[in-house]
Structure formats: C-alpha cells, structure tokens
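> here's a sequence, model it:
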Amino acid sequence: MQDNATEVTAAGIARLAGVGRAAVSNWRRRHADFPKPVGGTETSPSFALAEVEAWLRHQGKLAEVPLRERVWQQLAGHPEGPVTALTHAGCVLLLIHDRPTVWLEVSAGSDERLAAMLPGALEQVLVPRFGALRGRRGGSGGSGGSGVGGAGGRGPQPGVNSPQPVNSPGAVNTPATAHAAPAPGGPHTATPVHDSSAVNSPGAVNTGGGVNAAGAVNTGGGTSLAGGVNSAWGVNSAGGMNSAGAVNAATPAIHAPSGPALLPSAPLLRGAAELAAELGARQAFEFLLGRHLDANPRQYTLTPGELAGLMADLAGPARTVLDPACGTGALLRAVTPRPDQELYAQDSAPDLAALTALRLALHARVSVRAAAGDTLRADAHPGLQADAVLCHPPFNERNWGHDELAYDPRWEYGFPARNESELAWVQHALARLKDGGTAVLLMPPAAASRRSGRRIRADLLRRGALRAVLALPVGSAPPYNIPLHLWVLRRPERAPAQPEVLLADAGQFATEGRGGPDWRAVRDALLDAWRAFDKAGRLPERPGLARSLPVIELLDDDVDFSPARHLPPPAAADGAEALSAVRERLGETLRLTADLTPPPATPAQPARWPLTTVGELARGGALVMRTGGNGGHARVRVLTDHDVLAGTAPSGTLPESDEEAVLMEAGDVVVPVLGGGSVTRVIDGATAGAALGRNLVLLRPDPAALDPWFLAGFLRGTANNRQASSYASTATRLDVRRLQLPRLPLDEQRRYGARFRALDEFEGAIRRAGRLGEQLVRGMYDGLTDGTVAPG
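Residues are numbered from 1 along each chain as shown. You can find the predicted model right below:
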C-alpha cells in the first residue's frame, strides 16, 4: 500500500472527481466510510490518495482522470515534497530513456523489490551521464571529470575537457584516477575520478584511492597533505580553504537515491513510466517540471525560452558551455547539441542543480556535469576553459562574497564593490572562458551606468573584453517592468589596437499586451547587428537600433555605455500627419464605444437554475477540454495567457516538441488558469489556427449542446471563479473543471450568449480606445519636445 505515502488535499479530491470542494465536504459529513485524514491540519487535512481513489471508485464518483493529472497528483502529494518526487521521477525517466530493458526488469514485481533494485540500476545510467556520484568514492575536479584545480582555474591544464585520460610526465596513475596540482597559493586538490575524463598533472602520485596535492603521496583516507578534506568532486570542503579563506562546499548535483528513500515514490515512478510510454521520457519530464514551475510561479526566476535561444545564438556554436547560475537549465537547454558536447552547470540551490542535470540529460545525449554550491564562493569547475558561458545571474545580490573574496584571482579587471555583484559574475564568466571564448550575460540596466562599477567597466572596454551591450524591450524577462541588457563578452586573445563596442537597443519591439515583445523582430535585429559587427569589427549606424562606437568615446568620467544614451533617435514616425490619423481613429472608436454601451440594466429576481460543472459536461461529451503548452513541429503563432488577459492577437512562441500543438478553432473558449482574473476568450476567425499556449485551457463545446458565448459568459462570473480557485501564498490557480454554469435549453443559452457577445464587443472597443489614446498622448509629447509638432 505504498500509494498511501502520496497524500491529496480536498481540492485535489475535487479535481479527481470533477466536482467542487463543497461536494467533498458533504461527502465527508454524509459518508461514514469516507477516508480519514492522514496529515495536514484540522482546517486543511490531507488524505491518502490510494484510499480516496478506492472510495471514489466504489461510490461511482471517480472521474476518468487523465494519466497526466494522476501522475501530477502523486508528485504534488509526495510525503518528501514535490521537488524530491520530481528528482526521483527524473532519474527513472532517464533510466527508461537510456536503458528501457533495465527498467522493465527492475519494475517487475512488488514495490519493495523495485525500491531494492532501483539504486543499482540507476547507477548504470547516472554514472556514465553525470560522472562520479555524490557520496561514493571518486569525483572530478569540478570540470566534468577533469581533476584540475588552481588559482582561479586559469593557466593551461593538460587534458582539460579531453574525453580520454591524459598523463603528464612524472605522474603515476592507478586506473581511472585523476589528480590535480594546485596553482601557486591555491591548495585545491582532487579526488579519484571514475569516468573517462581523468587528468594527471605533473608530480602527482597516488597509491590507493586517496587525494593528492602536487608532489604529495597519499596512501588512503581521502585527505590531502595540503590539509584539506575533499568533497566528491575535488572541491575543498571542511578544512579546505580557498585563497580568501572561504570554505568550499560544491557537490555533484545528482546522486542515486537509496532504496528506503525510493520506496514511497514507487507508485509515482510506475505512473511516470506509463506517462513516458505515452509521451516519451523527455516530454514526460518536461510536463511534470512545467506543472511544478506553474504551481510555484514566485518561487523561481525563469529565463523565457525565446530569450534563452537568443543568448545561445549570440554565443555561437560551442562544444563546452557553462552556466554558473543555471536555475532550471533553460540557457543550456537552448544550446544547439553537437557531437562530444559538454555542458557544465552550477546553482546554489541543490534542487535546481539536480533538476537541471536531469533535464539536460533527457534533452540530448551530451556530457552533463552539474554541481550544487555557491558559484562565487565555491566554484565547482575551477579548471574549466569553456568555449561559451551563458548566465542569468541573480541581480542586486549584496551577500555575494565581497568580504571573503577580496584577493580572488578572478578579479582581473578590478575588485567589484559590494553592490556590484553583477560585475563579479561578469569576471567569473570571463575567468572560465578559453582565449577567444564568448560569454553572454543577462544584466540589469543599472550595471552599465553605476558609478561604483565605472573602473571595472573601463578596464573591460580598454582590454577588448566587452564586445556588445544590447538593450532588450520591456517585458523580456523578470523583472518585466525594466528593459534588461545583454552583455556579450569575449576573453581577449590579444589587446585590440583600436577596439570598438556594439551598442544596440531593441526597445521599439515591445508590444502593448503582456505577452512579451515581438521576439521574432528582436531576434532578427540583434542577431543581424551582432553578426555584422563580429565579422567586420565595426557597424555603420542604424538609426534608433544599433551602432558601434570607438572605446575611447566611452571612457569618460561615467563610463556609461547604456545603449539609449549613445544611439541616435529613429526617424520620426509620429509626425503631425501620423498623429492626425491616430486622432481620427480614436474619434471613430469612441463613437463606436458609445454605440456599444450596454442599455440600462433591468432588475430581476435572483435565478435558481440547476447547475452543472465543466467537468461534468466534459464527461458527458458536451465539450472537450485541452491544455496548452506544446509547440509541436510546425512553427505557428501562439496565444499566450497574457494575450487573453490583454485582448491582443497571438504573440508568443513555444519550443518545438514531439507532442503536437493544440490548434484552436473558431468557437473555442479559452480560459487562463493563473492570476485570479475572471477572463475568457471566444476564438474568432482571425485567431483560429494559432496554437494554445501554456497556462491556458481550451473548451471546445458541441454546438448542438452548448452555445460558446453562453459558456464563456457564465465562466466569467466573479463568484464562479472564486469557488473554483485554489490559493497559494503567492498565486491563485483556477480549476476549470469546477467552474459552474446553469442547465438551460439551447435557445435560452443563445439569448444569453448574444448579450455576452455584445459585452465583449464593448469591452474590446474600450481597450482599443485606451491604446489609441495612449498612442496619441505619447506622440504629442514626443512631437512637442523634439520639434516635429508645433505648439499651436
């Protein structure tokens, strides 16, 4: 009865049965055999999922729960929490992906047998894909199996990133063991490596599973003569100090869970295997990860897929790529796979590092080396010389290690001030690049102009390390209310004679809705400007968009290279004639709004209709429910939740996936599930054919049973949304199955539908008038201030 380990709340029971939470409360009061709570609190109890499903099935109340929802409920109700459950599921999905016959063998039989056999089976996959595992003999120097230490990781290291062992002169090596010599002043050492990327540095001798400093002999126990006790990846832990005296504690992101830890997850793992059979292992993990991220929107700072793709393309093709603040792995996932590719990741949150490692391993058959630890204080990849670094660092981080890292050799361009954490990340990225390698970092705009960072910025310019600063439109990434920058850096092979830097501003491609900028236009403009500049070393002026400037012109007292300060304004597009046209359109829209204003409301007695739910209608065949988020293989427009909320045209994109996209048809009703707003949208001919985006549910009513406008209108009721919503500490999620609407004849539905449709037209006219009014006001201010419009 290991299913009992998975708990479900009253809201989850309501979703399983397709009813409201009030119905679940009634069942608890009226049925003595209803399962007893096994956890939670008195006001919010939780129940054993297996007992609940058995009771619902016996009572004939169990809805036909989709496999995805069942697996998600098992994951969300896991006794150790959803992240642990997701990690266990990811390990099994990787086993299914790489060695499906091994999974079939270990999954045959009881849950106890599965839990006992699974750790050994997982090691057959996890060790080859991730290197030596945490908590076991062996590790690497934090560089994908290359046991390389040293001050700041610079300096040539034989065999770094080499797929085969490299023995330097004077090294004595036992099989599959790596050693590293510390650079002067740096007591880094390395533990034995049990994979194919062992590296030996001169003078290291190992005689039995120990860890060696340069010239030292160690005969076991894993303690170096340099005085440091080492963690599993050759990074100093307790007793091992970096050059500034800080304790390092980076560890590999993935380890094989033990049998007792896996036993409560057994039902989930079997469900995940079923889901993999339906979707594929990679898509199953992406679905579960996506649901987890959607359920915790304020817990994670995500890098949008479109932005991640742009950053990867700016960096260019690369065999070795590092993301030192990997988050959920979006940046490394955007890198185009290639043979013998090596992806390195690190994050201070162990959960994120583990999820990133699994996500990348399932995405492509590449070498993945992921570590958990504070990158600036405890770099897990100190010897890495990568082709490219991609990074979305934390912004405005004051506790980044300023006091401990004052003499760190990474600060080649100057020691960052306490409030300049972003410049510490910039220099870390440059320190991990090979000569000529490229780094692309997402930066706050203030980093380009703060006075406290002007000396470092000046040195980055003088030495040719900073190649481009690209301003993104507002709404490109969190925080969405400011225009973030992309910094493109290159580790100089030699000092340029007359360096120039590219400045570009894609702010003109911001959109009026909340669906983000016009990513296609942003991508085309910035990539074209960067590639032309990178090829020629300079770029002729493109008014309002991009230009290259000699570095000497930026080396003033401020060293402010914000693109907006140095780009010429675009050709005036909102002259007097254009503004007159906007004013005329605004007048027409206001007249239309007046015509569409609803007539006075007619009082009526509160109706007492018999009610049904969307879940019941779906089970009865009156409508079809679909969820969005899959891109398929065709490149089509995507309707986002922000488009629905703002009433704008489809503006999004989705990454390509094996599962087909949900294409909308005229008459479909779309409902956003996040945000707590009472909003719906009936798809018209102009939107038909677009794909359904994430966080949206599509309802396709049977025209013989349901009028789409009647359906959309009643789903917008405030009370209706309130009773169908669940509330977390930072977000509201709508359970569309629990939304209610009255049982009315089709003719009566159409009468209500006509009124709802008229209200929708009125609402659309008001929105258009607002946008035109804002455009007219903005254009008048701009025209008056730049002299293109006369004051009278």
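> can you pull the contacts of the nearest residue to Thr589 once chain neighbours are set aside?
Counting by C-beta to C-beta, 6 or more residues apart in numbering, Thr589 lies nearest to Ala769, which is 4.6 Å off, once chain neighbours are set aside. (Each C-beta comes from the backbone N, C-alpha and C, glycine too.) By C-beta atoms under 8 Å, 6 or more residues apart in numbering, the contact list for Ala769 reads 586, 589-590, 593.
> in strands only, show me the residues you listed.
If you go by DSSP state E, the contacts of Ala769 have nothing in strands.
> okay if I get those as CSV plus distance to Trp519, pLDDT and neighbour count?
What follows is these, written out as CSV (distance: C-beta to C-beta, whole Å; pLDDT from 0 to 100; neighbours: other C-beta atoms under 10 Å):
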residue, distance to Trp519, pLDDT, neighbour count
Leu586, 29, 92, 18
Thr589, 28, 92, 20
Leu590, 33, 93, 16
Thr593, 32, 91, 18
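> mind putting these in a markdown table, distance to Pro66 included?
Below are the contacts of Ala769 laid out as a markdown table (distance: C-beta to C-beta, whole Å):
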| residue | distance to Pro66 |
| --- | --- |
| Leu586 | 47 |
| Thr589 | 43 |
| Leu590 | 47 |
| Thr593 | 43 |
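> from the residues you listed, which is closest to Asp408?
Comparing the contacts of Ala769 against Asp408 with C-beta to C-beta places Leu586 closest, at 58.3 Å.
> please look at that closest one and Gly770 and confirm they touch.
No. Under the criterion of C-beta atoms under 8 Å, Leu586 is not in contact with Gly770, lying 9.8 Å apart.
> where does the stretch 651-792 of the chain have low pLDDT?
655-658, 675-677, 727-731 (pLDDT under 70).
> so where do the strands sit in it?
Taking DSSP state E, counting those that start in this stretch, the strands of the stretch 651-792 of the chain run over residues 669-672, 681-682, 691-692, 696-701, 725-727, 732-734, 740-742.
> just to revisit the earlier point, gap between the residue nearest to Thr589 and Glu493?
57 Å (C-beta to C-beta, to the nearest Å).
> could you measure Gly773 against Pro264, distance?
58 Å.
> same question for Tyr300.
Counting by C-beta to C-beta, the gap from Tyr300 to Pro264 is 25 Å.
> which of the two has more neighbours?
Neighbour totals were compared for Tyr300 and Pro264, and Pro264 leads with 21 against 13 (other C-beta atoms under 10 Å).
> just checking, the more buried one touches Gly77?
No. Applying C-beta under 8 Å, one finds Pro264 not in contact with Gly77, separated by 10.7 Å.
> now do the shared contacts for these two.
Listed as contacting both Pro264 and Gly77 by C-beta under 8 Å, 6+ apart are Thr6.
> and the spatially most central residue of the chain, what element?
A centroid search over the chain (C-alpha atoms, centre = their mean) returns Leu302, at 3.9 Å, as the residue closest to the centre. For Leu302, there is no host helix or strand (DSSP states H and E).
> next one: it relative to Asp347, how far apart?
Here Leu302 is placed at a distance of 13 Å from Asp347 (C-beta to C-beta).
> between these two, which contacts overlap?
Counting by C-beta under 8 Å, 6+ apart, the shared contacts of Leu302 and Asp347 are Gly327.
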